[in-house]
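Asker: Need a 3D model of the following:
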Amino acid sequence: MSQFATLSAQEGTHTHAAQEEPVDSDAHVGSVMPAVDLEQLQLIELCFGEHEFGVVLDSDNNTEHDTEGECISAGANYVNASDDAEQMDFEHYNEPGETMLAAFEFDPVQFVQNKLSHGVPLDDLCRDLETYMSLLNKIILRHVNTDVHDAFVKVSGHLVGMQDDLRLVQHPVAVAVKKVEENIAKLNEMENTVTSQIAEATELELMRIFDVNFLKVLLLYDHLCVQLEALPPALLSPDDESSLRQRHFKDKPSRAVAVLASSEHLHEALQDISGLVQQLKSLKHMIPPLPQRGQEYAELDQILSSALQMVHRVLARAYLAVYEKCTLLPSDELEKSLLNIMLVYKAMDEVHEFCRMYRERILRPLLESVLSWRAATQARHSLVETINLLNTLRHRLEKDVLPFVSLLREAFGAELLPIPTVVCPIVFESLLKRMISLYDSGDPDAFQQRYVAAHEVLHLMKKNCVSDEELRALLRSPDVVLWEQRWNTDVYSAMRVNALTKRLDAAVSEFITLTSEQHAETIDGLQLREESNTESTVAKVVFRIGLFSRLRELIEWLFSPEVYIYVVTPKYLREVANVTRRVAKAIIEQSTATRTVSSLRDWLCVVMTACSDFTQLAEYLEGPFSRHICTVSQDTLTGPSCSQFLQLLVQGTCHGTVKQLHQLVQSRVVEACAVGLQNIRSVKSAYAHTRKPLPTAPSWYVTSIVEPIQRFAEELQRGLSPETWHEVIIDVVTDVLKMFRNIARDTLVTAKKTEESWGKLRRRKELTSSGGDARTGGMETTTQEGAFLSPSSPVTGTSANTRPTAETATDRDKMTLQLYLDAIALINNIEGLLESQCKGEESVRIRELPPVEAIHKLLQRAKWILGDDVREPPDIDEADE
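Answerer: Below is the predicted model:
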């Protein structure tokens, strides 16, 4: 049994003894526990002093010490330690620089190996270690419980002390809180008392203010009545609308009232009256609405309303009298009187009342005198009477109403927009209610005339707007918007477009039914008449095809003053683009359909004249037509939108169609030239196995190739500019020369293949007749005689680098030379033809074109045959392009 087991037994004995002994107090526990712990630790140190705790680490770690000696000395020190060392305070151990703990190096593996080397069994060692670990846990737990108990005792004592202090403070605080609550209750009572007193005083003061102001209103009203009674009686007499309407019919104003209204004394009196009205309104706003004075408040409203009615009646009477006199005999004095009366309205803040009076007492009688129900009924069945009625209305507005609008602006300033707020509503209300048949779109001609005549009234009002704000207010006015919606311009534009479509369909049908010969005859007749006409027509756009003349007539009809309406301008412009595209489509389809059934001369005449007419149409759209649109729209369509639209139409339709026609003409001319180009293949049959001499002149078919180009060049000069003519003719000549080169190459390649096939056939026969034994000798003999050459040899009857002669030239040499002579003749004829058609810098340089260089490269063997100082060219290859 190991030493640690003995230690464990002793520990158990101490523990059992401790359990049997009663614990009397905390002091007894504190005195016994450290002695037991010290004894146990000393026994542990004796058991494991040599091997278990390793080497103590010094603070400098510079020297090595013997592990066993350190452990023995440590054990001796622990044994001789006194009990006072165990009773040292815990803070002493934690002071910096003063610690009783030592650090050891401990190697567990070395520890176990040492124990095993000393003969300690492994099982005993494990049990000792487990017993040691449980002993340490118990010691730690005992110390922790002791520390917690001490801390709890200290905290409990402190809390008890604090509780006693709080009990001493609680009573004074409760007494203070009670006093504060009593004071707050007294303050609330005082606040309620003061609030009730203030409310009573406020009510009394409001009633006093009400009584004082009400008395002031009564006094001012009496004073106003006295002022009004002091005015001339003529201004105080009632004036109904029937008498005013009668004056509008007969133009008999009340001169006495007008004279009185234009006097300075009356103006001063009206200013005094306006001051009284302002005071009444201000007092009205100052009087508080009290529930107990509801009856007096209603009486106050009646007084103010009665005062305003009397003043309005006097001012209206004076204004109407001066207005009627001013319409008959305008003068600066009368206009000043009108301005003074309007200033009185403005001073009283009665601008709305003035507008109402102006509409009801001036404009409405005037409109009823012009647009009466009887006149509107009579005009319903007559277009002339309708237009006359609208013209009369416009004339009366321009004469009797609009001249006074400037006075309204001068009197009221920016506060009032007279046109949209005063004049416009009642005018368009009368037009909507009384002229119901004005908006009938059944007859487009009558509709357009009524529309133009009615919109002259709106245009007159627009013209009298002096600011953008006033113009926007006019156009956004509900009456104007509703009136504009009554005009069904969509139906009108659809009817005009349908009529235009029918006329264009008839013109297109007429154009399609005629043949190219008939069109060419008509074009020639027009050209002869133009040449015989001595008058200058430089500035006039002239079309030679009737379809274009008809198109211009339809476009001008659509934008004529008898048909045009500004609001449908986008639809009309879109229709112009549509009819132009339809004409372009008809021209292209007709040209494509007749390209194979008409003669080249007539077909070219029609197509090139169409190109010229499309160019003229583009100039017409960008020039005269654009100016015509600006004129008919009264310079409202001069912006970039219209010009951009016309540019797109010209570039996309007119110039695009011209390009398509040029391509069509180019293909037709090339097809005509292709008929003569097919004769190039006859060169092979002319020299194959015929033993003809070397050619010295071009073939007969060269002329048939040049003739279509000649006709084409003549027709091009009729209506194309020199630059366009140059571009088109170059394209045609290039295509023709490319086709010549391709056919000549195919001819030579075919001849080469035929020669090679014949050579192979002859060699096969030679080999068959000579037999297999002499096959090699036969080949050598045949080659020496020169009858056959290898397929890669360029000649068949001459050796290498030997120019062919008339006797030694092969059939393919003769074909190459003939094609060369034909190409030279074709190039010379085309060059001479085009030089005769143009002059100077505009001449077409045919020899610089790429197809000409390709032809010379293809037929360069002919130059070598003719004796040029060059090396023998290689034979033609099928892969050459």
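Asker: Where do the strands of the stretch 651-800 of the chain begin and end?
Answerer: Under the criterion DSSP state E, counting those that start in this stretch, the stretch 651-800 of the chain contains no strands.
Asker: so where's it shaky on pLDDT?
Answerer: In the predicted model, the stretch 651-800 of the chain carries pLDDT under 70 at residues 717-721, 771-800.
Asker: switch the cut-off to 80
Answerer: Filtered on pLDDT under 80, the stretch 651-800 of the chain yields the residue ranges 689-691, 714-726, 770-800.
Asker: From the contact counts, what lies against the strand or helix carrying residue 368?
Answerer: Element membership for residue 368, per DSSP states H and E: helix 364-370. When contacts are defined as 3 or more CB pairs under 8 Å, 6 or more residues apart in numbering; DSSP states H and E, helix 364-370 sits against helix 241-250, helix 383-396, helix 424-434. Placement of C-beta: from N, CA and C, glycine included.
Asker: Which other helices and strands does the next helix or strand after that helix contact?
Answerer: In the C-terminal direction, the helix or strand that comes right after helix 364-370 (DSSP H and E) is helix 373-379. Packing partners of helix 373-379 (3+ CB pairs under 8 Å, 6+ apart): helix 383-396.
Asker: Now the helix it packs on: average pLDDT?
Answerer: In this model, helix 383-396 has an average pLDDT of 92.
Asker: any idea how far residue 571 is from residue 495?
Answerer: 12 Å (CB to CB, to the nearest Å).
Asker: Same check on residue 521?
Answerer: 38 Å.
Asker: Equivalent analysis for residue 374, please.
Answerer: Relative to residue 495, and taking CB to CB, residue 374 is found at 32 Å.
Asker: Settle it for me: which of those two has more neighbours?
Answerer: Neighbours per residue, other CB atoms under 10 Å: of residue 374 and residue 495, the larger number sits with residue 495, 16 against 8.
Asker: ok, and the more buried one, which helix or strand is that part of?
Answerer: Applying DSSP H and E, one finds residue 495 within helix 489-513.
Asker: List the buried residues in the helix or strand encompassing residue 580.
Answerer: Here residue 580 sits within helix 569-593, counting by DSSP H and E. The neighbour-count check on helix 569-593 (16 or more other CB atoms under 10 Å) flags 569, 571-573, 575-577, 579-580, 582-584, 586-588, 590-591 as buried.
Asker: So for that helix, mean pLDDT?
Answerer: Mean pLDDT, helix 569-593: 93.
Asker: quick one: contacts of that helix?
Answerer: Contact with helix 569-593 is made by 493, 496-497, 500-501, 504, 508, 511-512, 547-548, 551, 554-555, 558-559, 564, 603, 606-607, 610, 614, 617, 633, 637, 642, 645, 649, 653-654, 656-657, 660-661, 664, as judged by CB atoms under 8 Å, 6 or more residues apart in numbering.
Asker: Just the buried subset of those residues, please.
Answerer: Among those, the ones that count as buried by 16+ other CB under 10 Å are 493, 496-497, 500, 504, 508, 511, 547-548, 551, 554-555, 558-559, 564, 603, 606-607, 610, 614, 617, 637, 642, 645, 649, 653-654, 657, 660-661, 664.
Asker: could you point out which element follows the helix holding residue 580?
Answerer: Assignment by DSSP H and E places the next element after helix 569-593 at helix 600-620.
Asker: Could you give me the buried positions within that following helix?
Answerer: Quick answer for helix 600-620 (16+ other CB under 10 Å): 600, 602-618, 620.
Asker: domains in this protein, as residue ranges please.
Answerer: What the record gives for the chain is the domain set 3-120, 183-349, 350-480, 491-638, 678-865, from automatic domain parsing.
Asker: for these, which one sits closest to residue 150?
Answerer: Ranking the domains of the chain by proximity to residue 150 (CB to CB) places domain 3-120 first, at 8.7 Å.
Asker: and the helix or strand containing residue 304, how far out from the chain's middle?
Answerer: Taking DSSP H and E as the criterion, residue 304 maps to helix 294-328. The chain centre lies 57 Å from the centre of helix 294-328; the measure is CA atoms, centre = their mean, to the nearest Å.
Asker: avg pLDDT for that helix?
Answerer: 87.
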